[in-house]
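In: Kindly generate the corresponding structure for this input.
(2 chains)
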Amino acid sequence: MAKVFIYPVTSLILSDLVARFGHKPLSAAMQIRERIQTAGLESPPLQVTPEDPKKGLKYAAVEVPSGVRGRMALFGPMVEDADAAIVVNDADFSFGCMGCARTNELLAFLIRTRGIPVLDLVYPRTEEEGIEFVAAIRDFLAGLEGK
Amino acid sequence: MTTKVRIAQLSCGPEYSGVQKEIEEAAGAVDAEIFFPDLKLSDIQRDNALFGLDVRSPDLKLSIARARALVDGRVEADAVFIATCFRCAEAAIVRNELRRYIHENSNLPVVSYSFTERTTAGTLLTRMEALTTIARRRALLAREVQEGITMGVDSGSSTTKAVVMQDNRIVGTGWLPTTEVLKSAEQVIELALQESGISRDQIQAIGTTGYGRFLVGQHIGADLIQEELTVNSKGAVYLADAQHGPSTVIDIGGMDNKAISVQDGIPGTFTMGGICAGASGRFLEMTAKRLGVDITELGPLAMKGMSREVPMNSYCIVFGTQSLVNALAAGSSREDVAAAACHSVAEQVFEQQLQEVDIKDPVIMVGGTSLIKGLVRAMGDLLQTEIVVPHHSQYIGAVGSALLASGYIKGE
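Out: Predicted coordinates:
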């Protein structure tokens, strides 16, 4: 079983696919759940505090917008933890919304610099492309077995 | 009990910057509530295509769709708050275009703000208060004539001002540097009463504004305690005789600057802030001190100088001071340095704030800095227009307060 970072990190479909093929998806679901369920109302709707953008300094300098650093505080450690990654480019809103384009660019870059196996895909727009899309993910995940 | 003012939030990043709580706290403090307009997934694509600004960030796409829903009336709101991360170029473009779009296509008051993780509820309070005032007190803001005998007190960060008005005329004024907030207020009230020949018990209603408005207001039993954005707008159009139609009010203050786009005396959009003290009256005060002149002499001195002769960037007050000292050490004349300081402040306000409001004539400059002729000239050059500085422009907050307070005479 490998830990697979998925992008968009919020994609339930990708997360489900990774889990179905026997790996552990590194997605936003757990991070967000923890942030929502934490007691108190530090910063509703997410319990992100001004401390998080400071933690994000590990990934982006202080002149980078605070929202990027706050997001990196959540997503950065997952990239560090990943054994592999699946990146779906130009995904539709409904497939998994990643709010900040600048964070997305930084995440894509961090994934590349990790030197882990990465499956790069373009979001499918037709049924045929959809079948090829799932097949590509299946083959990639099958190749990760035994790691 | 008043109904809560519903402020629609269009934003990118505040949840992840840890400032969402601050936004909600500021809104709560003025009895308003923040909400996020609901949309269908299909609306987002359609509204973005119709809006025509192709951005990468999904949260910005969402903001665009929400703005269209507000303008189309699919979602009801009393006011709009646009917030994005400071330093994000894409967000800055969207923030500006949405503000303009909502302003031009609806009657909703709108304010935009770029935040950092250090933004606090206190910083946002005046903006939220102005939004709710415009939404809640349109009738009061429509008041065009001062009636009876009223007093306005403006407790600012640098100076405290008081004005006594009677039957639509200013009959007494008081002006002093702010030291102890209450003491300064008492002193200027005394000065204004003395000049007017009116006794305190003859005053029928009192209004307060400025940073010390709550403290002073409670102390003297004010009928109206209101933030300076709406009060200054009202005071400015009243004194400039521009109560009807569009106008733009610029107030370069001691601590922060305000640029307000006004329609029929009611603020539509406004910005408040300034990146650094370098872009404020404080820098000009410091310049005057360094040049060895009184602040009242800085304007005439600047009028004799050429700003182009001295490179100066007051983006930061420390850099500005450095330029100032270097220029004098290099032999520049005091006149040129004074002109450069005025130009630098005007340029900073122009670049950082005036890009966020629609500049429409007449442009009215108010506050103590409007008496610095060199600054007014520099601003006029940048905006390519004749700037209006009304009489008593330094008392603008006090005049606006006295005017609006007359709405409270006899339980009006």
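In: going forward, measure contacts and count neighbours with C-alpha atoms only.
Out: OK.
In: Find the centremost residue of chain B, please.
Out: residue B:258 (2.7 Å; CA atoms, centre = their mean).
In: Give me the buried positions along the host helix or strand of that one.
Out: Assessed by DSSP states H and E, residue B:258 sits inside strand B:257-263. Across strand B:257-263, burial judged by 16 or more other CA atoms under 10 Å in any protein chain shown covers B:257-263.
In: so what's the residue nearest to the centre of chain B closest to, chain neighbours aside?
Out: In space, residue B:258 comes closest to residue B:272 once its chain neighbours are excluded; the distance is 4.5 Å by CA to CA, 6 or more residues apart in numbering or on different chains.
In: is it true that the one you found lies in a strand?
Out: Yes - counting by DSSP: H, G, I helix; E, B strand; the rest coil, residue B:272 is located in a strand.
In: got the CA positions of the one helix or strand in chain A whose mean pLDDT sits lowest in PDB?
Out: Lowest on mean pLDDT, DSSP states H and E among the helices and strands of chain A sits helix A:28-37, with a mean of 84. Only the C-alpha atoms of helix A:28-37 are listed here, as PDB (Å, rounded to 0.1, in the frame of the first residue of the first chain):
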ATOM      1  CA  ALA A  28      -8.100  17.200   2.000                       C
ATOM      2  CA  ALA A  29     -11.100  15.300   3.500                       C
ATOM      3  CA  MET A  30      -9.400  14.400   6.700                       C
ATOM      4  CA  GLN A  31      -7.600  17.700   7.100                       C
ATOM      5  CA  ILE A  32     -10.800  19.600   6.500                       C
ATOM      6  CA  ARG A  33     -12.800  17.300   8.800                       C
ATOM      7  CA  GLU A  34     -10.400  17.900  11.600                       C
ATOM      8  CA  ARG A  35     -10.600  21.700  11.000                       C
ATOM      9  CA  ILE A  36     -14.400  21.700  11.000                       C
ATOM     10  CA  GLN A  37     -14.800  19.500  14.000                       C
END
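In: in chain B, which spans are strands?
Out: In chain B, strands defined by DSSP state E lie at B:5-12, B:32-35, B:79-85, B:110-115, B:149-155, B:159-166, B:169-177, B:205-209, B:224-225, B:246-252, B:257-263, B:266-273, B:363-366, B:387-388, listed in chain order.
In: Show me which of those strands has the highest average neighbour count.
Out: strand B:149-155 (a mean of 32; mean count of other CA atoms under 10 Å in any protein chain shown).
In: Report the distance from that one to the chain centre.
Out: Computed by CA atoms, centre = their mean, to the nearest Å, the chain-centroid distance of strand B:149-155 equals 19 Å.
In: Now that strand: average pLDDT?
Out: The pLDDT scores in strand B:149-155 average 96.
In: Which elements pack onto it?
Out: Here strand B:149-155 touches strand B:159-166, helix B:181-196, strand B:205-209, helix B:213-220, helix B:396-405, going by 3 or more CA pairs under 8 Å, 6 or more residues apart in numbering or on different chains; DSSP states H and E.
In: again, only this time at 10 Å
Out: strand B:159-166, strand B:169-177, helix B:181-196, strand B:205-209, helix B:213-220, strand B:224-225, helix B:228-239, helix B:396-405 (3 or more CA pairs under 10 Å, 6 or more residues apart in numbering or on different chains; DSSP states H and E).
In: could those go into a markdown table alongside distance to residue A:137 and mean pLDDT?
Out: Output for the helices and strands packed on strand B:149-155, formatted as a markdown table (distance: least, CA to CA, whole Å; pLDDT from 0 to 100):
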| stretch | distance to residue A:137 | mean pLDDT |
| --- | --- | --- |
| strand B:159-166 | 67 | 95 |
| strand B:169-177 | 70 | 94 |
| helix B:181-196 | 67 | 96 |
| strand B:205-209 | 63 | 96 |
| helix B:213-220 | 62 | 96 |
| strand B:224-225 | 63 | 94 |
| helix B:228-239 | 56 | 93 |
| helix B:396-405 | 65 | 96 |
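In: Mind putting the ones you listed into CSV with distance to residue B:61?
Out: Shown next, in CSV, are the helices and strands packed on strand B:149-155 (distance: least, CA to CA, whole Å):
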stretch, distance to residue B:61
strand B:159-166, 44
strand B:169-177, 47
helix B:181-196, 46
strand B:205-209, 38
helix B:213-220, 39
strand B:224-225, 38
helix B:228-239, 30
helix B:396-405, 39
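In: which one of the ones you listed lies closest to residue A:121?
Out: Nearest to residue A:121, of all the helices and strands packed on strand B:149-155, is helix B:228-239, at 51.1 Å by CA to CA.
In: ranges for the strands of chain A?
Out: A:3-7, A:24-26, A:84-89, A:118-122.
In: from the chain's centre, how far out does the second one sit?
Out: It stands for strand A:24-26. Worked out by CA atoms, centre = their mean, strand A:24-26 lies 9 Å from the chain centre.
In: cool, and the last one?
Out: With CA atoms, centre = their mean as the basis, the distance from the averaged C-alpha position of strand A:118-122 to the chain average is 13 Å.
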